[in-house]
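Visitor: Structure for the following, please:
(4 chains)
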Protein chains: 2
Amino acid sequence: MCDSDAVTDPPTLRERKKRATREALQAAALRLALERGPDNVRVEEIAQAAGVSTRTYNNYFPSREQAIVAGVAADRAAGVAAAVLARPAGVGLADAVVEAVVGLYADPGDQPPAALLMIAASPTLRDCYVEAVTTFEEPLAGAVTTRCPGVGPLAARVLAAAVGAAARVALRQWLHGTGEVPSMAGFVVPPAPLPDFVRAALLPLAPALDAAAS
Amino acid sequence: MCDSDAVTDPPTLRERKKRATREALQAAALRLALERGPDNVRVEEIAQAAGVSTRTYNNYFPSREQAIVAGVAADRAAGVAAAVLARPAGVGLADAVVEAVVGLYADPGDQPPAALLMIAASPTLRDCYVEAVTTFEEPLAGAVTTRCPGVGPLAARVLAAAVGAAARVALRQWLHGTGEVPSMAGFVVPPAPLPDFVRAALLPLAPALDAAAS
DNA sequence: ACGCAAAATTGCGTGCACGCAAAAATATGC
DNA sequence: GCATATTTTTGCGTGCACGCAATTTTGCGT
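Guide: Residues are numbered from 1 along each chain as shown, chains lettered A, B, ... in the order given. This next block holds a predicted model:
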């Protein structure tokens, strides 16, 4: 947090390689999972597809599920803090936070829609995807203190954690309904758009956010 | 949730035996962990001490850490909902919830203080203990809807999850400071009593809780 | 008391995560 | 350019969680 604004020095070779293997692993894991189904992918195959040993694979991801999910969920999370700070100073904290989080799930993203379907179908992947929102929380807390220096570090952490919890609830609910979609006839209307779900889940926290900003 | 108030029928033999083995496993796990240190306890030993196979042990607990921690954390959680409902109807939702959660960590409990020290010392056990507060959340949501029928199920879930998140933050902070206690001279003043920590962490959520109760 | 259905326990096999220490790759000072 | 310190990769060994199917235990109706 005291990084001031280190301009991300010339990316040393080490970091570039690390990033490369991480992305290779993510891509391989997701691709294989989509091809064969999540349960028919052995860790050894993921590592082999990325050109590393299984041990190094485990140096990057603590579980097979995270390797599969990381690509679709992790990077988007990094944008939340920036989105909060980007809102004009006039709007309240609650609005800023809610819109920032909603914005994350608003656009279709660059991921194939099949990925979300697969994640929704597998309980293990669902849990992993839902728990990935934790990535938001620390940067969000930072953004909150930056925007409203009066809130104090504890309150910021608590509010960020609360927002994360609400997002988890919303995701869980939405994925729960989405997972069983291809059931009957072609009437597979997604029960409700995700952003609306997130907004509804975040709504009860608005009073707390606005009250803290004073 | 539609159990109305089933008066916990005559506990059938099966349930009694299940409860017995579960408690035996908890007790054995905690005892062995305290004796030898958490890392020097093999699952097989826990199972053997409880008189069951390692496979049945895994039918009761999904991880060794949970077996050790469950005894000190799980049962207390069950009381939260009751505590919320026990508060007189006059006090606001926020006060009721906060006091209920604080009350959980207020009394020393029937557990040896060494247990908490051990948990605080081991990162793995800490995480497990912290994550155990999730047990609160569903009953808490139920209690909230019972107390304030106007809040709607989604809001109740969100608020309960937010409270759980705040409690996790408080626990994490407190355990982090407590873990390194036996460092220098005998001046090992616990940085601050846990209840105060919890109260402080729950404070920022009060506006949301009170606003929902209307 | 008997027998059948439901549920729990058990053993086995498999895949996985991770600690540890050696080896390879990369950065840094001279 | 070369030697050295730091970091990353890798292989190996260990312990663990869990699916599956057979077996034992419990519940309940007759």
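Visitor: Which other helices and strands does the longest helix belonging to chain A contact?
Guide: Secondary structure of chain A per DSSP state H: the longest helix is helix A:153-179. On a contact count with 3 or more CB pairs under 8 Å, 6 or more residues apart in numbering or on different chains; DSSP states H and E, helix A:153-179 meets helix A:93-104, helix A:113-121, helix A:123-131, helix A:134-147, helix A:194-202, helix A:206-212, helix B:153-179, helix B:194-202. Any C-beta I mention is one placed from the backbone N, CA and C, and that applies to glycine too.
Visitor: how about those in JSON lines, adding mean neighbour count, distance to DNA strand C and mean pLDDT?
Guide: Formatted as JSON lines, the helices and strands packed on helix A:153-179 follow (neighbours: other CB atoms under 10 Å in any protein chain shown; distance: least, CB to the nearest atom of the strand, whole Å; pLDDT from 0 to 100):
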{"stretch": "helix A:93-104", "mean neighbour count": "22", "distance to DNA strand C": "26", "mean pLDDT": "94"}
{"stretch": "helix A:113-121", "mean neighbour count": "17", "distance to DNA strand C": "16", "mean pLDDT": "90"}
{"stretch": "helix A:123-131", "mean neighbour count": "18", "distance to DNA strand C": "10", "mean pLDDT": "95"}
{"stretch": "helix A:134-147", "mean neighbour count": "20", "distance to DNA strand C": "16", "mean pLDDT": "95"}
{"stretch": "helix A:194-202", "mean neighbour count": "20", "distance to DNA strand C": "27", "mean pLDDT": "93"}
{"stretch": "helix A:206-212", "mean neighbour count": "21", "distance to DNA strand C": "34", "mean pLDDT": "97"}
{"stretch": "helix B:153-179", "mean neighbour count": "23", "distance to DNA strand C": "17", "mean pLDDT": "93"}
{"stretch": "helix B:194-202", "mean neighbour count": "20", "distance to DNA strand C": "28", "mean pLDDT": "93"}
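Visitor: which one of these lies closest to DNA strand D?
Guide: Across the helices and strands packed on helix A:153-179, DNA strand D has its closest neighbour in helix A:123-131 (8.5 Å, CB to the nearest atom of the strand).
Visitor: orientation of the closest one relative to helix A:113-121 in degrees?
Guide: With axes from the mean of the first three to the mean of the last three CA atoms, to 10 degrees as the basis, helix A:123-131 and helix A:113-121 are set at 110 degrees to each other.
Visitor: Return the residues in contact with the residue minimising distance to the centre of chain A.
Guide: For chain A, residue A:73 is the residue whose C-alpha lies nearest the centre (CA atoms, centre = their mean; 3.9 Å). Each residue near residue A:73 by CB atoms under 8 Å, 6 or more residues apart in numbering or on different chains is listed here: A:129, A:132-133, A:135.
Visitor: again with residue A:31
Guide: The contact partners of residue A:31, by CB under 8 Å, 6+ apart, come to residue A:49.
Visitor: Now do the domain split for chain A, please.
Guide: A:13-61, A:71-212 (automatic domain parsing).
Visitor: of the contacts of residue A:73, closest to residue A:210?
Guide: Residue A:210 lies nearest to residue A:133 out of those, by CB to CB, at 21.9 Å.
Visitor: Could you check the pLDDT of that closest one?
Guide: Note for residue A:133: predicted pLDDT of 94.
Visitor: Now it. Nearest residue, chain neighbours left out?
Guide: Among residues not flanking residue A:133 along the chain, residue A:167 sits closest, at 4.8 Å (CB to CB, 6 or more residues apart in numbering or on different chains).
Visitor: thought the one you found was touching residue A:200?
Guide: No. Contact between residue A:167 and residue A:200 fails when scored by CB atoms under 8 Å: they sit 11.5 Å apart.
Visitor: show me the contacts for residue A:150.
Guide: Applying CB under 8 Å, 6+ apart, the residues near residue A:150 are A:213-214.
Visitor: Give me the distance between it and residue A:144.
Guide: Going from residue A:150 to residue A:144 by CB to CB, to the nearest Å gives 10 Å.
Visitor: before we move on, what about residue A:33?
Guide: Separation of residue A:33 from residue A:144 (CB to CB): 35 Å.
Visitor: for residue A:41, same thing?
Guide: For residue A:41 relative to residue A:144 (CB to CB), the value is 39 Å.
Visitor: Quick check: pLDDT value at residue A:7.
Guide: 56.
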